[in-house]
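S.K.: just need the structure, nothing else, for what follows:
(one chain, ligands or ions: 1)
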Amino acid sequence: MELDSLYQEVILDHYKRPQNKSLASNPTIQVHHVNTSCGDEVTLNLHFKGERVENITWDAVGCSISQASHSVMSELLKGKSAEEALSLVEEFQRMLQSKGSDLGNEEHLQDGVAFAGVSKFPARVKCALLGWMAFKDALQQSITKAN
Ligand code: ZN
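M.R.: From the prediction side, this is the model:
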């Protein structure tokens, strides 16, 4: 696959120096998600407090796209309110499912826009979305648990 070289660099950088890749103890919710089409697996610990995403930590095996995406997701969503975080997940998902027509809003998605090119490669879309879907699942379970 060919991605814009600048974007490729952002992805490679997150893959080599992943953010928040070390599971913090006593999470509000832990989830484990698998992308069977590629063999990617992620375990995500979410610390949720006072309607805010206090911490996101993860551990994973899988391809560079998936691991870089977990890193970007954890960096972007940490500290956000539940509402902000969900809206960003939806924005990222829309971009990934746009087949290349939605390049993403860098102001909102920051390093996440580096994955815009992945949307042209249907086989890799699930790799990029895995961690974000795991987060969404963990967030929804945390909200249910808190209420
Ligand atoms: Zn993958």
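
S.K.: ok, residue 110 touching residue 73?
M.R.: No: in this structure, residue 110 is not within contact of residue 73 by CB atoms under 8 Å, at 10.6 Å. C-beta coordinates here come from the backbone N, C-alpha and C atoms, glycine included.

S.K.: need the overlap of contacts for these two.
M.R.: Here residue 110 and residue 73 have no joint contacts, going by CB atoms under 8 Å, 6 or more residues apart in numbering.

S.K.: enumerate the residues of this protein near the ion.
M.R.: 38, 40, 63, 66, 127 (CB under 5 Å from the ion).

S.K.: and if we set it to 8 Å?
M.R.: Neighbours of the ion within the chain, by CB under 8 Å from the ion: 35, 37-40, 62-63, 65-66, 124, 126-127, 130.

S.K.: circling back: the more surrounded of residue 110 and residue 73?
M.R.: Comparing residue 110 with residue 73 by neighbour count (other CB atoms under 10 Å), the higher total belongs to residue 73, at 32 against 15.

S.K.: residues in contact with that one?
M.R.: The contact partners of residue 73, by CB under 8 Å, 6+ apart, come to 56, 92, 112, 131-132, 135.

S.K.: equivalent analysis for residue 27, please.
M.R.: Counted by CB under 8 Å, 6+ apart, residue 27 has contacts 45-47, 55, 57.

S.K.: what of residue 57?
M.R.: 20-24, 27, 44-45, 74.

S.K.: let's go with 10 Å and repeat that
M.R.: Residue 57 makes contact with 19-25, 27, 30, 43-47, 70, 74, 78, according to CB atoms under 10 Å, 6 or more residues apart in numbering.

S.K.: with residue 52 instead?
M.R.: Taking CB under 10 Å, 6+ apart, we find residue 52 in contact with 78-82, 84-85.

S.K.: farthest-separated two in those residues?
M.R.: Among the contacts of residue 52, the pair separated by the greatest distance (CB to CB) is 78 and 82, at 12.7 Å.

S.K.: now do the buried residues in the helix-or-strand element of the chain with minimal mean pLDDT.
M.R.: Scoring the helices and strands of the chain by mean pLDDT, DSSP states H and E places helix 5-16 at the bottom, with a mean of 90. By 16 or more other CB atoms under 10 Å, the buried positions in helix 5-16 come out as 7, 10-11, 14-15.

S.K.: lovely, talk soon.
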